[in-house]
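In: Here's a sequence, model it:
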Amino acid sequence: MDNQVKQAYEAAKLLYAQHGIDTDEVLEKLAEIKVSVHCWQGDDVKGFLNQDGELTGGISVTGQYPGAATTPAELRADLEQAFSLIPGKHKVNLHAIYTDTDEKVELDQIEPKHYEKWVQWAKEQGLGLDFNPTCFSHEKSSDGFTLSHPDPEIRKFWIDHCKASRRIGAYFGEQLGQTCVTNVWVPDGFKDNPVDRMTPRKRLKDSLDEVFAEKLNRKHNLDAVESKLFGLGSEAYVVGSHEFYMGYGLQNDTLICLDAGHFHPTEVISNKLSSLALFTSGILLHVSRPMRWDSDHVVIMDDELLEIARELVRHDLLPTTHVGLDFFDASINRVAAWVVGTRNTIKALLRAMLEPVDALKTAELQGDYTVRLALTEEFKSYPFGAIWDYYCAQQGVPVREKWISEIKTYEEDVLLQRGKSLV
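Out: Below is the predicted model:
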(Lines give C-alpha, C1' and ligand atoms only; values in the text may rest on other atoms or scores of the structure.)
Protein backbone atom coordinates (compact mmCIF):
# COMPACT_ATOMS: atom_id res chain seq x y z
CA MET A 1 0.00 0.00 0.00
CA ASP A 2 1.21 3.49 -0.86
CA ASN A 3 2.73 5.09 2.24
CA GLN A 4 1.03 8.42 1.55
CA VAL A 5 -2.38 6.75 1.45
CA LYS A 6 -1.67 4.99 4.74
CA GLN A 7 -0.45 8.16 6.46
CA ALA A 8 -3.51 10.10 5.33
CA TYR A 9 -5.73 7.32 6.66
CA GLU A 10 -4.04 7.28 10.06
CA ALA A 11 -4.47 11.05 10.39
CA ALA A 12 -8.13 10.88 9.38
CA LYS A 13 -8.69 7.92 11.69
CA LEU A 14 -7.65 10.05 14.68
CA LEU A 15 -10.08 12.82 13.72
CA TYR A 16 -13.02 10.45 13.46
CA ALA A 17 -12.01 8.67 16.68
CA GLN A 18 -12.59 11.93 18.57
CA HIS A 19 -16.29 11.41 17.83
CA GLY A 20 -16.31 7.74 18.71
CA ILE A 21 -16.14 6.54 15.10
CA ASP A 22 -13.89 3.50 14.60
CA THR A 23 -12.86 3.69 10.94
CA ASP A 24 -11.42 0.17 10.93
CA GLU A 25 -14.77 -1.17 12.08
CA VAL A 26 -16.58 0.98 9.51
CA LEU A 27 -14.52 -0.50 6.69
CA GLU A 28 -15.22 -4.03 7.89
CA LYS A 29 -18.96 -3.30 7.73
CA LEU A 30 -18.62 -1.63 4.34
CA ALA A 31 -16.91 -4.71 2.91
CA GLU A 32 -19.98 -6.79 3.81
CA ILE A 33 -22.33 -4.69 1.65
CA LYS A 34 -23.18 -6.16 -1.74
CA VAL A 35 -24.35 -3.85 -4.51
CA SER A 36 -26.31 -5.55 -7.28
CA VAL A 37 -24.75 -4.30 -10.52
CA HIS A 38 -27.15 -4.36 -13.47
CA CYS A 39 -25.90 -6.25 -16.51
CA TRP A 40 -27.96 -4.21 -19.01
CA GLN A 41 -25.65 -1.18 -18.86
CA GLY A 42 -23.10 -3.26 -20.80
CA ASP A 43 -25.17 -3.85 -23.95
CA ASP A 44 -27.89 -1.17 -23.95
CA VAL A 45 -30.65 -3.53 -22.68
CA LYS A 46 -30.62 -5.70 -25.81
CA GLY A 47 -29.95 -9.08 -24.21
CA PHE A 48 -29.29 -12.24 -26.20
CA LEU A 49 -32.72 -13.59 -27.05
CA ASN A 50 -33.64 -10.98 -29.67
CA GLN A 51 -30.75 -8.56 -30.07
CA ASP A 52 -32.13 -7.04 -33.27
CA GLY A 53 -35.51 -6.29 -31.74
CA GLU A 54 -36.69 -2.80 -30.85
CA LEU A 55 -36.64 -1.62 -27.24
CA THR A 56 -40.20 -1.15 -26.01
CA GLY A 57 -41.93 -0.62 -22.69
CA GLY A 58 -40.82 2.99 -22.33
CA ILE A 59 -37.15 2.03 -22.38
CA SER A 60 -34.77 4.10 -24.47
CA VAL A 61 -30.97 4.08 -24.56
CA THR A 62 -29.20 6.97 -26.26
CA GLY A 63 -25.65 7.22 -27.56
CA GLN A 64 -23.40 5.24 -29.89
CA TYR A 65 -20.20 4.78 -27.92
CA PRO A 66 -18.26 1.87 -29.43
CA GLY A 67 -17.69 -1.46 -27.74
CA ALA A 68 -21.09 -2.66 -26.51
CA ALA A 69 -21.12 -6.33 -25.58
CA THR A 70 -22.81 -8.53 -28.18
CA THR A 71 -22.33 -11.96 -26.56
CA PRO A 72 -22.63 -13.30 -23.00
CA ALA A 73 -18.87 -13.92 -22.94
CA GLU A 74 -18.15 -10.29 -23.88
CA LEU A 75 -20.58 -9.04 -21.26
CA ARG A 76 -19.00 -11.20 -18.55
CA ALA A 77 -15.52 -9.99 -19.57
CA ASP A 78 -16.70 -6.39 -19.27
CA LEU A 79 -18.22 -7.06 -15.87
CA GLU A 80 -14.97 -8.68 -14.70
CA GLN A 81 -13.09 -5.57 -15.79
CA ALA A 82 -15.52 -3.35 -13.91
CA PHE A 83 -15.37 -5.44 -10.73
CA SER A 84 -11.55 -5.33 -10.80
CA LEU A 85 -11.90 -1.56 -10.26
CA ILE A 86 -14.65 -1.65 -7.63
CA PRO A 87 -13.87 -2.46 -3.97
CA GLY A 88 -15.71 -5.36 -2.34
CA LYS A 89 -17.53 -8.46 -3.58
CA HIS A 90 -20.93 -7.82 -5.10
CA LYS A 91 -23.77 -9.24 -7.19
CA VAL A 92 -24.85 -9.11 -10.84
CA ASN A 93 -28.45 -8.38 -11.73
CA LEU A 94 -29.64 -10.30 -14.81
CA HIS A 95 -32.74 -9.82 -16.92
CA ALA A 96 -34.36 -12.90 -18.43
CA ILE A 97 -33.28 -11.89 -21.96
CA TYR A 98 -29.63 -12.49 -20.98
CA THR A 99 -29.73 -16.23 -21.62
CA ASP A 100 -26.50 -18.00 -22.56
CA THR A 101 -27.62 -20.95 -24.65
CA ASP A 102 -27.58 -22.18 -28.23
CA GLU A 103 -31.15 -23.34 -27.77
CA LYS A 104 -33.94 -21.19 -29.18
CA VAL A 105 -36.24 -20.60 -26.24
CA GLU A 106 -39.32 -18.47 -25.57
CA LEU A 107 -39.66 -16.38 -22.43
CA ASP A 108 -42.37 -18.59 -20.95
CA GLN A 109 -40.12 -21.65 -21.39
CA ILE A 110 -36.87 -20.44 -19.81
CA GLU A 111 -35.19 -22.78 -17.30
CA PRO A 112 -32.12 -22.69 -15.08
CA LYS A 113 -30.12 -24.56 -17.74
CA HIS A 114 -30.33 -21.52 -20.01
CA TYR A 115 -28.33 -19.53 -17.42
CA GLU A 116 -25.96 -22.25 -16.23
CA LYS A 117 -22.91 -20.49 -17.68
CA TRP A 118 -23.79 -17.39 -15.67
CA VAL A 119 -24.01 -19.51 -12.50
CA GLN A 120 -20.66 -21.16 -13.11
CA TRP A 121 -19.06 -17.79 -13.83
CA ALA A 122 -20.57 -16.28 -10.66
CA LYS A 123 -19.16 -19.17 -8.63
CA GLU A 124 -15.70 -18.60 -10.09
CA GLN A 125 -15.89 -14.86 -9.41
CA GLY A 126 -17.41 -15.17 -5.93
CA LEU A 127 -20.47 -13.15 -6.97
CA GLY A 128 -24.19 -13.43 -6.29
CA LEU A 129 -26.92 -13.17 -8.93
CA ASP A 130 -30.26 -11.37 -8.91
CA PHE A 131 -32.94 -11.81 -11.57
CA ASN A 132 -35.79 -10.08 -13.39
CA PRO A 133 -38.46 -11.33 -15.77
CA THR A 134 -38.30 -9.32 -19.01
CA CYS A 135 -41.82 -8.05 -19.69
CA PHE A 136 -40.90 -5.71 -22.55
CA SER A 137 -39.33 -5.69 -26.03
CA HIS A 138 -41.46 -8.62 -27.15
CA GLU A 139 -44.25 -9.07 -29.68
CA LYS A 140 -46.63 -10.01 -26.88
CA SER A 141 -45.96 -6.69 -25.10
CA SER A 142 -46.16 -4.53 -28.24
CA ASP A 143 -49.53 -3.00 -27.32
CA GLY A 144 -48.21 -1.90 -23.93
CA PHE A 145 -49.78 -4.58 -21.71
CA THR A 146 -48.47 -7.80 -20.17
CA LEU A 147 -49.66 -9.11 -16.78
CA SER A 148 -52.72 -6.84 -16.97
CA HIS A 149 -53.51 -7.66 -20.59
CA PRO A 150 -57.23 -8.14 -21.33
CA ASP A 151 -56.46 -11.18 -23.53
CA PRO A 152 -56.21 -14.18 -21.16
CA GLU A 153 -53.82 -16.05 -23.48
CA ILE A 154 -51.32 -13.19 -23.60
CA ARG A 155 -51.72 -12.69 -19.88
CA LYS A 156 -51.00 -16.39 -19.31
CA PHE A 157 -47.81 -16.11 -21.38
CA TRP A 158 -46.47 -13.42 -19.07
CA ILE A 159 -47.65 -15.21 -15.94
CA ASP A 160 -45.78 -18.33 -17.04
CA HIS A 161 -42.71 -16.22 -17.81
CA CYS A 162 -42.71 -14.71 -14.32
CA LYS A 163 -43.24 -18.13 -12.73
CA ALA A 164 -40.26 -19.49 -14.64
CA SER A 165 -38.19 -16.47 -13.60
CA ARG A 166 -38.88 -17.10 -9.93
CA ARG A 167 -37.72 -20.71 -10.25
CA ILE A 168 -34.53 -19.52 -11.93
CA GLY A 169 -33.99 -17.02 -9.12
CA ALA A 170 -34.39 -19.80 -6.56
CA TYR A 171 -31.86 -21.88 -8.49
CA PHE A 172 -29.38 -19.00 -8.43
CA GLY A 173 -29.79 -18.62 -4.67
CA GLU A 174 -29.41 -22.33 -4.00
CA GLN A 175 -26.35 -22.73 -6.21
CA LEU A 176 -24.51 -19.62 -5.08
CA GLY A 177 -25.41 -19.58 -1.40
CA GLN A 178 -26.59 -15.96 -1.75
CA THR A 179 -30.26 -15.06 -1.76
CA CYS A 180 -31.47 -14.01 -5.20
CA VAL A 181 -33.91 -11.11 -5.43
CA THR A 182 -36.32 -11.66 -8.33
CA ASN A 183 -37.98 -8.37 -9.20
CA VAL A 184 -41.19 -8.05 -11.23
CA TRP A 185 -41.69 -4.87 -13.24
CA VAL A 186 -44.18 -4.47 -16.08
CA PRO A 187 -44.63 -1.42 -18.34
CA ASP A 188 -48.42 -1.74 -18.60
CA GLY A 189 -50.29 1.51 -19.09
CA PHE A 190 -52.13 3.94 -21.38
CA LYS A 191 -50.70 6.80 -23.39
CA ASP A 192 -53.91 8.82 -22.94
CA ASN A 193 -56.50 9.08 -20.20
CA PRO A 194 -58.30 5.77 -19.54
CA VAL A 195 -61.93 5.38 -18.58
CA ASP A 196 -61.37 2.33 -16.40
CA ARG A 197 -58.39 2.45 -14.06
CA MET A 198 -59.63 -0.31 -11.77
CA THR A 199 -60.06 -3.33 -14.03
CA PRO A 200 -56.46 -3.47 -15.36
CA ARG A 201 -55.25 -3.28 -11.76
CA LYS A 202 -57.59 -6.08 -10.80
CA ARG A 203 -56.11 -8.19 -13.62
CA LEU A 204 -52.58 -7.32 -12.50
CA LYS A 205 -53.38 -8.30 -8.92
CA ASP A 206 -54.85 -11.63 -10.02
CA SER A 207 -51.85 -12.30 -12.26
CA LEU A 208 -49.39 -11.57 -9.46
CA ASP A 209 -51.34 -13.85 -7.11
CA GLU A 210 -50.89 -16.63 -9.63
CA VAL A 211 -47.21 -15.81 -10.21
CA PHE A 212 -46.42 -15.92 -6.48
CA ALA A 213 -48.66 -18.90 -5.66
CA GLU A 214 -45.74 -21.34 -5.70
CA LYS A 215 -43.95 -21.18 -2.37
CA LEU A 216 -40.19 -20.96 -2.76
CA ASN A 217 -37.48 -21.08 -0.10
CA ARG A 218 -36.95 -17.44 0.92
CA LYS A 219 -33.37 -18.29 1.73
CA HIS A 220 -32.90 -18.87 -2.00
CA ASN A 221 -35.32 -16.37 -3.54
CA LEU A 222 -36.99 -13.17 -2.42
CA ASP A 223 -39.75 -11.66 -4.55
CA ALA A 224 -39.98 -7.95 -5.24
CA VAL A 225 -42.47 -5.74 -7.08
CA GLU A 226 -41.57 -2.43 -8.72
CA SER A 227 -43.76 0.57 -9.48
CA LYS A 228 -43.48 3.40 -11.97
CA LEU A 229 -45.18 6.78 -12.28
CA PHE A 230 -45.22 7.02 -16.08
CA GLY A 231 -43.22 5.99 -19.13
CA LEU A 232 -42.95 6.60 -22.85
CA GLY A 233 -46.25 5.33 -24.17
CA SER A 234 -47.85 5.27 -20.72
CA GLU A 235 -47.79 8.95 -19.83
CA ALA A 236 -51.39 9.10 -18.61
CA TYR A 237 -51.70 5.93 -16.57
CA VAL A 238 -49.51 3.10 -15.32
CA VAL A 239 -51.29 0.03 -13.97
CA GLY A 240 -48.54 -0.81 -11.45
CA SER A 241 -48.41 2.47 -9.56
CA HIS A 242 -46.54 3.02 -6.30
CA GLU A 243 -49.76 2.81 -4.32
CA PHE A 244 -50.74 -0.43 -6.04
CA TYR A 245 -47.44 -2.17 -5.35
CA MET A 246 -47.06 -0.77 -1.87
CA GLY A 247 -50.44 -2.24 -1.00
CA TYR A 248 -49.66 -5.51 -2.74
CA GLY A 249 -46.24 -5.84 -1.15
CA LEU A 250 -47.52 -5.12 2.35
CA GLN A 251 -50.42 -7.54 1.98
CA ASN A 252 -48.32 -10.35 0.49
CA ASP A 253 -44.97 -9.80 2.22
CA THR A 254 -42.95 -9.20 -0.93
CA LEU A 255 -40.12 -6.72 -1.13
CA ILE A 256 -41.22 -3.33 -2.43
CA CYS A 257 -38.83 -1.85 -4.95
CA LEU A 258 -38.19 1.88 -4.90
CA ASP A 259 -36.54 3.13 -8.08
CA ALA A 260 -35.08 6.63 -7.83
CA GLY A 261 -36.51 7.58 -11.21
CA HIS A 262 -40.03 6.19 -10.91
CA PHE A 263 -41.69 9.09 -9.16
CA HIS A 264 -42.54 12.73 -9.76
CA PRO A 265 -39.52 14.78 -10.95
CA THR A 266 -39.25 16.54 -7.58
CA GLU A 267 -40.08 13.46 -5.49
CA VAL A 268 -37.26 11.52 -3.82
CA ILE A 269 -37.11 7.98 -2.49
CA SER A 270 -34.82 8.76 0.46
CA ASN A 271 -37.73 10.25 2.38
CA LYS A 272 -39.81 7.11 1.85
CA LEU A 273 -37.40 4.63 3.41
CA SER A 274 -38.07 5.30 7.09
CA SER A 275 -41.84 5.03 6.54
CA LEU A 276 -41.82 1.92 4.40
CA ALA A 277 -39.30 0.15 6.64
CA LEU A 278 -41.74 0.26 9.57
CA PHE A 279 -44.18 -2.01 7.76
CA THR A 280 -42.09 -4.24 5.50
CA SER A 281 -39.69 -7.12 5.98
CA GLY A 282 -37.35 -5.61 3.40
CA ILE A 283 -36.88 -3.09 0.61
CA LEU A 284 -35.28 -3.29 -2.82
CA LEU A 285 -33.61 -0.13 -4.12
CA HIS A 286 -32.86 0.71 -7.72
CA VAL A 287 -30.38 3.55 -7.38
CA SER A 288 -30.39 5.72 -10.47
CA ARG A 289 -30.19 9.41 -11.39
CA PRO A 290 -33.32 10.79 -13.02
CA MET A 291 -32.81 14.01 -14.93
CA ARG A 292 -36.11 15.73 -15.78
CA TRP A 293 -37.75 12.27 -15.91
CA ASP A 294 -36.88 8.59 -15.53
CA SER A 295 -33.81 8.98 -17.73
CA ASP A 296 -31.54 6.63 -15.76
CA HIS A 297 -28.30 8.61 -15.83
CA VAL A 298 -25.11 7.22 -14.28
CA VAL A 299 -25.17 7.60 -10.50
CA ILE A 300 -23.08 10.52 -9.24
CA MET A 301 -22.31 11.76 -5.74
CA ASP A 302 -25.31 14.09 -5.55
CA ASP A 303 -27.49 15.12 -2.62
CA GLU A 304 -30.11 12.42 -3.15
CA LEU A 305 -27.57 9.61 -3.29
CA LEU A 306 -26.13 10.83 0.01
CA GLU A 307 -29.59 11.11 1.57
CA ILE A 308 -30.42 7.54 0.51
CA ALA A 309 -27.18 6.33 2.09
CA ARG A 310 -27.81 8.33 5.27
CA GLU A 311 -31.30 6.93 5.68
CA LEU A 312 -30.00 3.39 5.30
CA VAL A 313 -27.19 3.92 7.81
CA ARG A 314 -28.91 6.13 10.38
CA HIS A 315 -31.84 3.74 10.77
CA ASP A 316 -29.87 0.49 10.45
CA LEU A 317 -31.75 -0.51 7.30
CA LEU A 318 -28.84 -2.06 5.43
CA PRO A 319 -29.46 -5.60 6.76
CA THR A 320 -32.96 -5.63 5.23
CA THR A 321 -32.36 -3.44 2.16
CA HIS A 322 -31.12 -4.80 -1.15
CA VAL A 323 -29.17 -2.10 -2.97
CA GLY A 324 -29.09 -2.36 -6.75
CA LEU A 325 -28.28 -0.03 -9.63
CA ASP A 326 -30.39 0.79 -12.67
CA PHE A 327 -29.06 3.10 -15.36
CA PHE A 328 -27.99 2.83 -18.99
CA ASP A 329 -25.85 5.29 -20.90
CA ALA A 330 -24.49 4.52 -24.36
CA SER A 331 -22.86 7.94 -24.77
CA ILE A 332 -19.84 6.99 -22.64
CA ASN A 333 -17.64 3.95 -22.06
CA ARG A 334 -20.12 1.43 -20.68
CA VAL A 335 -17.63 -0.26 -18.35
CA ALA A 336 -16.63 3.13 -16.95
CA ALA A 337 -20.32 3.85 -16.29
CA TRP A 338 -20.53 0.77 -14.09
CA VAL A 339 -17.37 1.78 -12.22
CA VAL A 340 -18.44 5.39 -11.65
CA GLY A 341 -21.94 4.45 -10.50
CA THR A 342 -20.95 1.58 -8.24
CA ARG A 343 -17.98 3.32 -6.66
CA ASN A 344 -20.16 6.35 -5.94
CA THR A 345 -22.86 4.21 -4.33
CA ILE A 346 -20.34 2.52 -2.05
CA LYS A 347 -18.61 5.82 -1.34
CA ALA A 348 -21.92 7.42 -0.33
CA LEU A 349 -22.56 4.57 2.13
CA LEU A 350 -19.07 5.10 3.55
CA ARG A 351 -19.69 8.82 4.00
CA ALA A 352 -22.91 8.05 5.86
CA MET A 353 -21.12 5.53 8.09
CA LEU A 354 -18.53 8.17 8.98
CA GLU A 355 -21.05 10.57 10.47
CA PRO A 356 -21.59 10.90 14.26
CA VAL A 357 -25.14 9.56 14.08
CA ASP A 358 -25.58 8.97 17.83
CA ALA A 359 -24.39 12.47 18.71
CA LEU A 360 -26.66 14.01 16.08
CA LYS A 361 -29.67 12.04 17.30
CA THR A 362 -28.95 13.03 20.92
CA ALA A 363 -28.73 16.71 20.01
CA GLU A 364 -32.00 16.46 18.09
CA LEU A 365 -33.79 14.67 20.94
CA GLN A 366 -32.61 17.36 23.37
CA GLY A 367 -33.84 20.09 21.05
CA ASP A 368 -30.31 21.37 20.44
CA TYR A 369 -30.80 22.11 16.77
CA THR A 370 -27.80 24.41 16.78
CA VAL A 371 -25.42 21.53 17.50
CA ARG A 372 -27.32 19.33 15.05
CA LEU A 373 -26.84 21.83 12.24
CA ALA A 374 -23.28 22.83 13.12
CA LEU A 375 -22.01 19.27 13.51
CA THR A 376 -23.71 18.11 10.32
CA GLU A 377 -22.10 20.93 8.38
CA GLU A 378 -18.62 20.46 9.85
CA PHE A 379 -18.62 16.77 8.97
CA LYS A 380 -19.19 17.61 5.32
CA SER A 381 -15.53 18.63 5.12
CA TYR A 382 -14.13 15.80 7.23
CA PRO A 383 -11.53 13.74 5.34
CA PHE A 384 -13.72 10.84 4.24
CA GLY A 385 -11.68 10.77 1.01
CA ALA A 386 -8.66 9.53 2.92
CA ILE A 387 -10.74 6.68 4.36
CA TRP A 388 -12.07 5.85 0.89
CA ASP A 389 -8.56 5.82 -0.62
CA TYR A 390 -7.37 3.46 2.10
CA TYR A 391 -10.36 1.18 1.57
CA CYS A 392 -9.69 0.97 -2.18
CA ALA A 393 -6.03 0.18 -1.56
CA GLN A 394 -6.98 -2.36 1.10
CA GLN A 395 -9.35 -4.06 -1.36
CA GLY A 396 -6.74 -4.13 -4.11
CA VAL A 397 -8.42 -1.72 -6.53
CA PRO A 398 -7.06 1.57 -7.93
CA VAL A 399 -7.05 4.62 -5.65
CA ARG A 400 -8.89 7.71 -6.85
CA GLU A 401 -8.79 8.36 -10.61
CA LYS A 402 -6.06 5.82 -11.33
CA TRP A 403 -8.70 3.40 -12.57
CA ILE A 404 -9.36 5.60 -15.61
CA SER A 405 -6.11 4.58 -17.29
CA GLU A 406 -7.03 0.91 -16.87
CA ILE A 407 -10.41 1.56 -18.50
CA LYS A 408 -8.72 3.34 -21.40
CA THR A 409 -6.35 0.41 -21.91
CA TYR A 410 -9.26 -2.04 -21.84
CA GLU A 411 -11.13 0.13 -24.31
CA GLU A 412 -8.19 0.18 -26.72
CA ASP A 413 -7.33 -3.51 -26.38
CA VAL A 414 -10.84 -5.00 -26.15
CA LEU A 415 -13.82 -2.71 -26.72
CA LEU A 416 -12.57 -1.01 -29.88
CA GLN A 417 -11.56 -4.34 -31.40
CA ARG A 418 -15.09 -5.71 -31.32
CA GLY A 419 -16.60 -6.16 -34.76
CA LYS A 420 -13.37 -5.48 -36.63
CA SER A 421 -13.01 -9.09 -37.72
CA LEU A 422 -16.47 -8.87 -39.27
CA VAL A 423 -15.58 -5.92 -41.49
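In: drop to CA atoms for contacts and neighbour counts, all remaining ones
Out: Will do.
In: which residue ranges form the strands in the protein?
Out: 36-38, 91-95, 128-132, 180-184, 189-190, 221-226, 237-238, 255-259, 283-287, 289-291, 293-297, 321-325 (DSSP state E).
In: Just the residues contacting the worst-scoring helix or strand of the chain on mean pLDDT, thanks.
Out: Sorting the helices and strands of the chain by mean pLDDT, DSSP states H and E puts strand 293-297 at the bottom, at a mean of 85. With contacts defined as C-alpha atoms under 8 Å, 6 or more residues apart in numbering, strand 293-297 is touched by 231, 261-265, 288-291, 326-329.
In: Buried members of those residues into ChimeraX, please.
Out: In ChimeraX syntax, the buried subset of these is picked out as below (16 or more other C-alpha atoms under 10 Å):
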select :231,261,262,263,288,289,290,326,327,328,329
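In: For the contacts of strand 293-297, name the two members farthest from one another.
Out: With C-alpha to C-alpha as the measure, no two of these lie farther apart than His264 and Asp329, at 21.4 Å.
In: Partner strands of the least confident helix or strand of the chain and their direction?
Out: Strand pairing for strand 293-297, using DSSP bridges, gives strand 289-291 (antiparallel).
In: Tell me how far the partner strand lies from the chain's centre.
Out: 14 Å (C-alpha atoms, centre = their mean, to the nearest Å).
In: again with stretch 409-423
Out: Per C-alpha atoms, centre = their mean, the centroid offset for stretch 409-423 relative to its chain is 28 Å.
In: Show me which residues of that stretch are buried.
Out: Glu411, Leu415, Arg418.
In: what do you get for stretch 370-386?
Out: Arg372, Leu375, Pro383, Phe384, Gly385, Ala386.
In: What's the separation between the fifth one and Ser36?
Out: Using C-alpha to C-alpha, to the nearest Å, one gets 23 Å for the distance from Gly385 to Ser36.
In: and if you look at the first one?
Out: Counting by C-alpha to C-alpha, the separation of Arg372 from Ser36 is 33 Å.
In: Tell me what angle the longest helix along the chain forms with strand 91-95.
Out: Looking across the chain with DSSP state H, the single longest helix is helix 152-176. Put simply, helix 152-176 runs at 160 degrees to strand 91-95, going by axes from the mean of the first three to the mean of the last three C-alpha atoms, to 10 degrees.
In: Could you name the helices and strands sitting against helix 152-176?
Out: helix 116-125, strand 128-132, strand 180-184, helix 198-211, strand 221-226 (3 or more C-alpha pairs under 8 Å, 6 or more residues apart in numbering; DSSP states H and E).
In: could I get the strands of the chain as JSON lines with distance to Leu49?
Out: Conversion of the strands of the chain to JSON lines gives the following (distance: least, C-alpha to C-alpha, whole Å):
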{"stretch": "strand 36-38", "distance to Leu49": "17"}
{"stretch": "strand 91-95", "distance to Leu49": "11"}
{"stretch": "strand 128-132", "distance to Leu49": "14"}
{"stretch": "strand 180-184", "distance to Leu49": "19"}
{"stretch": "strand 189-190", "distance to Leu49": "24"}
{"stretch": "strand 221-226", "distance to Leu49": "23"}
{"stretch": "strand 237-238", "distance to Leu49": "26"}
{"stretch": "strand 255-259", "distance to Leu49": "26"}
{"stretch": "strand 283-287", "distance to Leu49": "24"}
{"stretch": "strand 289-291", "distance to Leu49": "28"}
{"stretch": "strand 293-297", "distance to Leu49": "23"}
{"stretch": "strand 321-325", "distance to Leu49": "23"}
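In: I'd like to know which of those has the weakest mean confidence.
Out: Mean pLDDT values for these show the minimum at strand 293-297, a mean of 85.
In: How about residues contacting the longest helix of the chain?
Out: Counting by C-alpha under 8 Å, 6+ apart, 96, 107-112, 119, 122-123, 127-133, 135, 140, 146-149, 178-182, 184, 207-208, 210-212, 216-217, 219-221, 223 sit against helix 152-176.
In: of those residues, buried ones?
Out: 96, 107-108, 110-112, 119, 122, 127-133, 135, 140, 146-149, 178-182, 184, 207-208, 211-212, 220-221, 223.
In: pretty sure Ala31 contacts Gly88?
Out: Yes: taking contacts as C-alpha atoms under 8 Å, Ala31 lies within contact range of Gly88: 5.4 Å.
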